[in-house]
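Participant: Show me how the following folds:
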Amino acid sequence: MLTSPRASLARLFEHPAQFYFPCIRIFLIRYMASHKLIKRSSRPKSVASQSASGKQTSPTAEPARRIRINKFFTAQGACSRREADTLVEEGRVTINGRVAVLGDRVDPKDIITKDGLIVPWGNARLYIKFHKPIGVTTTSELHVKDNIVAAIGHPERIFPIGRLDKDSSGLILLTNDGDIVNRVLRVEYAHEKEYAVQVDRPFDQAFLDGMAAGVIILGQRTRPCRLSRVGPRDFRIILTEGRNRQIRRMCQALGYRVNMLNRIRIMHITIEGLRVGQWKYLTERERTTLLDTVRTAGSTAARSS
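Facilitator: Predicted structure coming up:
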């Protein structure tokens, strides 16, 4: 039923509170908001967005960077996952003052200690594999032309583990972990390195046998090694030592000249999937196996000495 303006106005004066109080409330809200005494509520967004898997996720939520405690230790280069699990089981790890248990997850807000000492975030050890092209010099001295560090261009300070001749190509590892270098390179650990080689002319079985038995270079016989024929002039060789230009000198001592030399494997790490000039971080499995292998070799050598 319609009412006249006069009737509506008369009704307001009969019940002033019903009219004035809402107006005063609106005025106060607008005044406080304009003077930033309160925040205006933003336009409501959808409560949740639908993910591809059908689960509901908050539209503004960021994915939590929480990782398992054993992965935290490997990411910092402190130890392998297996060793980290042992530390946790022995009660030597705490998270925010609480003794850690297997399966705990952490993020950068957490304080992790090992044997009472804080293990900081952000000091991750780097382990890189690189397919070195011919012409790149294996040195970390930046003033040297075509040095390997400049070829990779990594923002962190890294250095090569061992060397590979300038006129050779293939796999080489780089790191910022100084503790691991000697454990990879020391001859007594007998870590394998495999090479694909081509010489200047066809060879016979006597050549393979002579190489395998050891050749005197630089006044000393090389360690026995394993060879396999690939073609009339091509073979693969597995060494457990790394003397200067060793394969080239061995072939030269038997009357051959190396035309091509490409390293294809270091220990369990292969060049597969790496283009010439390309580098990648070691995978989790490659890194864990590397750390386990060199630490085991170091412990064995210490017990035998």
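Participant: Can you pull the poorly scored residue ranges out of this structure?
Facilitator: In the predicted model, the chain carries pLDDT under 70 at residues 1-65, 77-80, 123, 297-305.
Participant: just checking, what's the longest strand in it?
Facilitator: As far as residue count goes, and with DSSP state E defining each element, the longest strand of the chain is strand 258-266.
Participant: Tell me the gap between that one and the middle of its chain.
Facilitator: A distance of 25 Å separates the centroid of the chain from that of strand 258-266, by C-alpha atoms, centre = their mean, to the nearest Å.
Participant: Extract the C-alpha set from it and format it as PDB.
Facilitator: Output for strand 258-266, consisting of C-alpha atoms alone and laid out as PDB, is shown next (Å, rounded to 0.1, in the frame of the first residue of the first chain):
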ATOM      1  CA  VAL A 258      94.600 -40.200 -29.800                       C
ATOM      2  CA  ASN A 259      92.200 -38.400 -32.200                       C
ATOM      3  CA  MET A 260      89.200 -38.200 -29.900                       C
ATOM      4  CA  LEU A 261      88.800 -38.500 -26.100                       C
ATOM      5  CA  ASN A 262      85.400 -38.100 -24.400                       C
ATOM      6  CA  ARG A 263      84.800 -38.900 -20.700                       C
ATOM      7  CA  ILE A 264      81.400 -40.600 -20.400                       C
ATOM      8  CA  ARG A 265      81.200 -41.600 -16.700                       C
ATOM      9  CA  ILE A 266      82.600 -40.700 -13.300                       C
END
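Participant: That strand - contacts with which helices or strands?
Facilitator: Using 3 or more C-beta pairs under 8 Å, 6 or more residues apart in numbering; DSSP states H and E, the elements in contact with strand 258-266 are strand 169-175, strand 193-199, helix 246-253. The C-beta positions use only the backbone N, C-alpha and C, and glycine is treated the same way.
Participant: Can you say which of the ones you listed is packed in most?
Facilitator: Comparing these by mean neighbour count (mean count of other C-beta atoms under 10 Å), strand 169-175 ranks first with a mean of 22.
Participant: partners of it, with directions?
Facilitator: Using DSSP bridges, strand 169-175 pairs in its sheet with strand 127-132 (antiparallel), strand 159-161 (antiparallel), strand 258-266 (parallel).
Participant: on that earlier part again, JSON lines please, covering the helices and strands packed on strand 258-266 and showing distance to Ile95.
Facilitator: Below are those laid out as JSON lines (distance: least, C-beta to C-beta, whole Å):
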{"stretch": "strand 169-175", "distance to Ile95": "28"}
{"stretch": "strand 193-199", "distance to Ile95": "40"}
{"stretch": "helix 246-253", "distance to Ile95": "48"}
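Participant: Which among these is found nearest to Pro160?
Facilitator: When the helices and strands packed on strand 258-266 are compared by C-beta to C-beta, strand 169-175 sits nearest Pro160, at 5.1 Å.
Participant: what angle do the following helix or strand past the closest one and strand 258-266 make?
Facilitator: The helix or strand immediately downstream of strand 169-175 is helix 178-185, counting by DSSP states H and E. With axes from the mean of the first three to the mean of the last three C-alpha atoms, to 10 degrees applied, the angle from helix 178-185 to strand 258-266 works out at 120 degrees.
Participant: which residues are in contact with helix 178-185?
Facilitator: Outside helix 178-185, the residues within contact range by C-beta atoms under 8 Å, 6 or more residues apart in numbering are 159, 161-162, 173, 175, 189, 191, 242, 266-267, 290-291, 294-295, 297-298.
Participant: What is the nearest of these to Asn259?
Facilitator: Distance from Asn259 was checked for each of those by C-beta to C-beta. The minimum falls on Gly242, at 20.8 Å.
Participant: close enough to count as contact, the closest one and Ile161?
Facilitator: No - contact between Gly242 and Ile161 fails when scored by C-beta atoms under 8 Å: they sit 10.4 Å apart.
Participant: Looking at those two, which is more packed in?
Facilitator: Using other C-beta atoms under 10 Å as the criterion, Gly242 and Ile161 rank with Ile161 on top: 20 against 15.
Participant: How far does stretch 261-277 stretch from one end to the other?
Facilitator: Across stretch 261-277, the straight-line distance between its terminal residues is 16 Å, by C-alpha to C-alpha, to the nearest Å.
Participant: closest to Gly214 out of the helices and strands packed on strand 258-266?
Facilitator: helix 246-253 (8.7 Å).
Participant: quick one, what contacts the nearest residue to Arg265 once chain neighbours are set aside?
Facilitator: Leaving aside its chain neighbours, Arg265 sits nearest to Glu194 (3.9 Å; criterion: C-beta to C-beta, 6 or more residues apart in numbering). Glu194 makes contact with Arg236, Ile237, Ile238, Leu239, Arg263, Ile264, Arg265 under the criterion C-beta under 8 Å, 6+ apart.
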